[in-house]
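Participant: Predicted model and sequence below, questions to follow.
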Amino acid sequence: QKEVEQNSGPLSVPEGAIASLNCTYSDRGSQSFFWYRQYSGKSPELIMSIYSNGDKEDGRFTAQLNKASQYVSLLIRDSQPSDSATYLCAVRNFNKFYFGSGTKLNVKP
Amino acid sequence: ETGVTQTPRHLVMGMTNKKSLKCEQHLGHNAMYWYKQSAKKPLELMFVYNFKEQTENNSVPSRFSPECPNSSHLFLHLHTLQPEDSALYLCASSQDWTGNTDTQYFGPGTRLTVL
């Protein structure tokens, strides 16, 4: 079993719609959760971090964490073509830091 | 990207060559990391340095040798690599490694091809 699981996609949504990206993890002791965006040929850049159960909103982005279900998600409202990228979920438990393989998002104009 | 820089951006080397990758961070951070990103695979954490001391080595082959002379600079020395080592090598930095809520910032990466 992989430490962090993501659907590879591609996930296609029309411009203006809500994109929902999901991630599950196996280490119940994980305490920090991150979403990174990676454009093709570029390095990952941090979008959101979340540490406690519930929702955390930042502009058009909302991260949701459910530790009991070992599930973390990222919602992107009013999706734009510029949001088209691969989204990486990352999970940390002290000295263990794991990334998922990423979900490719396509936002169609 | 300007906070963490990496050189070279692209490198082609033979299996018998010796080369080095360089990373420099301008963020005042104390922890630096090397990651490997292969096609269709998750990012793999290779090495962690916290306050210039290596704290993690995730079963990386000895043909990869890291060096951290100070908190701002990190090197990855390469020798007798294999074609399967071809990948994007990413450097990252964070305030420190001990905080469990720490955020990592990535450099642009070095695209390595081993012939």
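Facilitator: That came through, no problem. Residues are numbered from 1 along each chain as shown, chains lettered A, B, ... in the order given.

Participant: and the nearest residue to A:Leu21 once chain neighbours are set aside, how many neighbours does it have?
Facilitator: Excluding its sequence neighbours, the residue lying closest to A:Leu21 (CB to CB, 6 or more residues apart in numbering or on different chains) is A:Leu74, at 4.5 Å. In short, each C-beta sits where N, CA and C put it, glycine included. For A:Leu74, the count of nearby residues is 23 (other CB atoms under 10 Å in any protein chain shown).

Participant: mind listing what the residue nearest to A:Leu105 when sequence neighbours are not counted touches?
Facilitator: Nearest residue to A:Leu105 in three dimensions, chain neighbours excluded: A:Leu11, at 5.1 Å (CB to CB, 6+ apart). Contacts for A:Leu11 (CB atoms under 8 Å, 6 or more residues apart in numbering or on different chains) come out as A:Ala19, A:Leu21, A:Thr103, A:Lys104, A:Leu105, A:Asn106.

Participant: Kindly export the helix or strand of chain B with the lowest mean pLDDT (C-alpha atoms) in PDB.
Facilitator: Every helix and strand in chain B was compared by mean pLDDT, DSSP states H and E; the lowest is strand B:53-57, with a mean of 79. C-alpha atoms of strand B:53-57 as PDB (Å, rounded to 0.1, in the frame of the first residue of the first chain):
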ATOM      1  CA  GLU B  53      23.800  18.000  10.000                       C
ATOM      2  CA  GLN B  54      22.400  15.100   7.900                       C
ATOM      3  CA  THR B  55      19.300  13.900   9.700                       C
ATOM      4  CA  GLU B  56      17.800  11.600   7.100                       C
ATOM      5  CA  ASN B  57      19.100   9.300   4.400                       C
END
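
Participant: Not counting that strand itself, show me its contacts.
Facilitator: Contacts of strand B:53-57 (CB under 8 Å, 6+ apart): A:Asn95, B:Leu45, B:Met46, B:Phe47, B:Val48, B:Tyr49, B:Pro66, B:Cys68, B:Trp97.

Participant: Around chain A, which positions in chain B sit nearby?
Facilitator: B:1, B:40-43, B:45, B:48, B:55-56, B:90, B:97, B:100-109 (CB under 8 Å from any CB of the partner chain).

Participant: Quick check: bridge partners of the spatially most central residue of chain B?
Facilitator: What sits nearest the mean C-alpha location of chain B, by CA atoms, centre = their mean, is B:Trp34, with 2.6 Å. With DSSP bridges as the criterion, B:Trp34 is bridged to B:Phe47, B:Cys91.
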